[in-house]
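>>> The following block contains a protein sequence and its predicted model.
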Amino acid sequence: MPDHVALLRVPALSDVAEYAYAATVEATARLVFTAGACPLDAEGRTVAPGDHAAQARQVLANLQTALVAAGATRTDVVKTTVYVASSRQADLVTVWEVVRDFFGDHDPPSTLLGVTVLGYPDQLVEVEAVAAVRTGA
């Protein structure tokens, strides 16, 4: 994890959550706000209709591409919001497991939401992120 980002565990809160409860960023960082990454291929088609895990993998690949374009990496991410078009908790867990595995030991604060519908036909997953990239002190 970059030294300008600190992910905070809070002993007074449950350790059940698979992410830090808060993150801090030193003032010597440039913030990057991504649009919601969608499960679209290079031609703009929704990949893997009906498959939450496969769509999550495509979403995270697209998020990675956006982060790199902004000069950031996944370990610069300080917050994510994960949207899943489903009312089934099992679908949310499926997507969360893909997101968790993508970030590995870097576990930024995250919000996981079940929503009614997302913007593209057959879209089940969307992830937006905030990252902080060191700019020099």
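Right, received. Where do you want to start?

>>> Got the phi and psi for the closest residue in space to Tyr21 that isn't next to it in sequence?
Nearest in space to Tyr21, with sequence neighbours left out and distances taken as C-beta to C-beta, 6 or more residues apart in numbering, is Val10 at 4.5 Å. All C-beta spots, glycine's among them, are computed from the backbone N, C-alpha and C. Main-chain torsions, Val10, degrees, to the nearest 10: phi -120, psi 100.

>>> I'd like the distance between Val10 and Cys38.
32 Å (C-beta to C-beta, to the nearest Å).

>>> now swap in Leu13 and tell me
32 Å.

>>> for Asp105, same thing?
From Asp105 to Cys38 the distance is 26 Å (C-beta to C-beta).

>>> Which one of the two is surrounded by more residues?
Cys38 (21 against 7; other C-beta atoms under 10 Å).

>>> Quick one: residues contacting that one.
In this structure, Cys38 makes contact with Thr46, Val59, Asn62, Leu118, Gly119, Tyr120, Gln123, Val125, Glu126, judged by C-beta atoms under 8 Å, 6 or more residues apart in numbering.

>>> can you check Phe102 too?
So Phe102 contacts Leu60, Arg74 (C-beta under 8 Å, 6+ apart).

>>> which one is Ser86 nearest to, not counting chain neighbours?
Nearest to Ser86 is Gly114, by C-beta to C-beta, 6+ apart, at 5.5 Å.

>>> In three-state terms, label the most centrally placed residue in the chain for me.
Centroid-nearest residue in the chain, with C-alpha atoms, centre = their mean: Thr80, separated by 4.2 Å. With DSSP: H, G, I helix; E, B strand; the rest coil as the basis, Thr80 sits in strand.

>>> so it sits right up against Ala131, yeah?
No. Between Thr80 and Ala131 there is no contact under C-beta atoms under 8 Å: 9.6 Å.

>>> By mean pLDDT, point me to the weakest helix or strand of the protein.
Taking mean pLDDT, DSSP states H and E as the measure, the chain has strand 5-8 as its least confident helix or strand, at a mean of 78.

>>> packing partners for the longest helix anywhere in the chain?
Criterion DSSP state H: the longest helix present in the chain is helix 52-69. Other elements packing on helix 52-69 under the criterion 3 or more C-beta pairs under 8 Å, 6 or more residues apart in numbering; DSSP states H and E are helix 89-103, strand 125-134.
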